[in-house]
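1. This is a predicted model, with the sequence first.
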Amino acid sequence: MAETNSKRFHEKDREDRIRTVKEFSGLSEDEAEILRGNDGISFGEADHMVENVIGTMAFPLGIGTNFRINGRDYLVPMVIEESSVIAAASKAAKIARKHGGFSMESDESYSIGQIQVVGVNPRTAIPKVLRASKTILKLANSKSKTLSQMKKGAKKVTCKRLETKSGPMLIVELLIDVGDAMGANVTNTMCEGVAPLIEEITGGRVILRILSNYSTRRLVRGKAVFDKEEVGGSKVVADIIHAYNFAANDPYRAVTHNKGVMNGIIAVANATGQDTRAMEAAAHAFASKGGIYTSLTTWKKDKAGNLVGSIEVPMPVGIVGGIINVHPMIRVCLKILGVKSAGELGCVIGAVGLAQNFSAIRALASEGIQKGHMRLHAKNIAISAGVPKEKVHEVAQKMIQENNVSVGRAREMLESGN
Ligand code: MEV
């Protein structure tokens, strides 16, 4: 959604923001009430989710604005504790709109399940497994009625041989179309389900039966054009490209560069109930696919001198199953997004990652990040200095004007009463 209303989203009060989101996404009053309820999850629900529960803990849920992705406008729920991330993503999305927003595409959602077999000669076992592919797939698919009914499920069996310090081993892999689910559970169930058959076929012993989180068969990729003038002119464009080439050639910088990408990706993943550890693990492995850790994004100039950013990243996400079915706030966040498939969610998440990276390297390549960051962080600083709620805004504004955002200065203002 473009910020065309008289008051911009960040200038509205909470109720007005909720009203805007409600109208845009067609939320019911009950759903709006879940947003007002702050964490959307009761102790009882939490107690069923994990072990030894003593409470629940809320994080800020904000809305990324201005996102236009594949010709559609989105309001993007983002859950993150770091100030400036949501503002930065929204600003980037606003700039990208001028040239049509983000063009994104996603692969089909294939997960990979691995079955480790020892005590075999892989050379002779591999042809036996491949010959029995049909039987293995049939058995795997009998473990999920839902996927089978949707004509999804296990599609292919592949094998690889590993030479290791504990001897040769055969790794049988199942390629599984998991549809709109993240698919970890169904993948593990299928792997465990076919393990006895694999032992029978190979005469070996199966040890591990588990999904691979290196989700190379469910990538999201896309790009956006950032107008030269809005970026800050051709020097800033050139410096952003220098910044990118730094990340592209130095793992020490690339990790930080990608952390900026993940600021956006994980914020949306948190809001939509994804397994963020799986996403992080896959993204960083993917960044090292060429043997050296490098940037998940690329940046270059087009003929007109505009900045063109692109991203490619594994996207093991789902819109059904797991916590999504049980967490009311997550269901509302998915409704706010209005995504109809895991692929569409992946496209949004990838676009936010690219937007976030743009804003970070643009700030770094021009004024530096501290100015904007501290401006947005000033309220947190005032709160941590003990400034009462009704004075936080005033103290924060003063510190920004003085260009001195610090706990010490906030305390001084508090003590001197101005
Ligand atoms: C801070 O959370 C993220 C950045 O460090 C990313 C970057 O350096 O590109 C600003």
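-> Nice, I can see it.

2. Could I get the contacting residues of Met190?
-> The contact partners of Met190, by Cβ atoms under 8 Å, 6 or more residues apart in numbering, come to 113, 140-141, 143-144, 153-154, 174, 176. Glycine gets a C-beta too; all of them are placed from N, C-alpha and C.

3. I'd like those residues as JSON lines, with neighbour count appended.
-> Formatted as JSON lines, the contacts of Met190 follow (neighbours: other Cβ atoms under 10 Å):
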{"residue": "Gly113", "neighbour count": "27"}
{"residue": "Ala140", "neighbour count": "26"}
{"residue": "Asn141", "neighbour count": "20"}
{"residue": "Lys143", "neighbour count": "19"}
{"residue": "Ser144", "neighbour count": "24"}
{"residue": "Gly153", "neighbour count": "23"}
{"residue": "Ala154", "neighbour count": "31"}
{"residue": "Leu174", "neighbour count": "28"}
{"residue": "Ile176", "neighbour count": "28"}
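
4. Quick one: these as TSV, columns for pLDDT and distance to Lys228 too.
-> Converted to TSV, the contacts of Met190 look like this (pLDDT from 0 to 100; distance: Cβ to Cβ, whole Å):
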residue	pLDDT	distance to Lys228
Gly113	98	47
Ala140	98	52
Asn141	98	52
Lys143	97	54
Ser144	96	50
Gly153	98	48
Ala154	98	49
Leu174	98	48
Ile176	98	45
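
5. Among the residues you listed, which one lies nearest to Phe67?
-> Using Cβ to Cβ, Ile176 comes nearest to Phe67 of the contacts of Met190, at 30.6 Å.

6. mind checking how far Tyr252 is from Asn258?
-> Distance, Tyr252 to Asn258, using Cβ to Cβ, to the nearest Å: 12 Å.

7. More neighbours: the two, which one.
-> Asn258 (26 against 10; other Cβ atoms under 10 Å).

8. Just the element for the more buried one, please.
-> Using DSSP states H and E, Asn258 falls within helix 251-271.

9. Please see if that helix touches the ligand.
-> Yes: residues of helix 251-271 are located near the ligand by Cβ under 6 Å from any ligand atom, namely 256-257, 259-260, 263.

10. Flag every buried residue along that helix.
-> Going by neighbour count (16 or more other Cβ atoms under 10 Å), the buried part of helix 251-271 is 251, 253-254, 257-258, 260-271.

11. With stretch 126-134 instead?
-> Under 16+ other Cβ under 10 Å, the buried positions of stretch 126-134 are 126, 129, 132-133.

12. can you list the domains in the chain?
-> Using automatic domain parsing, the domain parsing of the chain gives 9-106+221-366, 110-212, 372-416.

13. any idea of the mean pLDDT in the shortest one?
-> Here the mean pLDDT over domain 372-416 is 86, rounded to a whole number.

14. Give me the next element, helix or strand, following the top helix by length along the chain.
-> Ranked by residue count under DSSP state H, the longest helix found in the chain is helix 342-365. Using DSSP H and E, the helix or strand that follows helix 342-365 towards the C-terminus is helix 370-384.

15. ok, and what's touching that following helix?
-> Contacts for helix 370-384 (Cβ under 8 Å, 6+ apart): 83-84, 87-88, 363, 391-393, 395-397, 399-400, 405-407, 410.

16. For the stretch 1-150 of the chain, what lies in contact range of the ligand?
-> Within the stretch 1-150 of the chain, the residues that sit near the ligand (Cβ under 6 Å from any ligand atom) are Glu82.

17. What are the boundaries of the strands in the stretch 1-150 of the chain?
-> Assigned by DSSP state E, counting those that start in this stretch, the stretch 1-150 of the chain shows strands spanning 61-69, 72-79, 102-106, 110-118.

18. can you pull the contacts of Val85?
-> Counting by Cβ under 8 Å, 6+ apart, Val85 has contacts 78, 263-264, 267, 356.

19. Name whatever forms a beta bridge with Arg161.
-> Per DSSP bridges, residues listed as beta-bridge partners of Arg161: Leu170.

20. Now the closest residue to the ligand within the chain. Nearest residue, chain neighbours left out?
-> Distances between the chain and the ligand by Cβ to the nearest ligand atom are smallest at Gly260, namely 2.8 Å. Using Cβ to Cβ, 6 or more residues apart in numbering and skipping the chain neighbours, the partner closest in space to Gly260 is Ala360 (3.7 Å).
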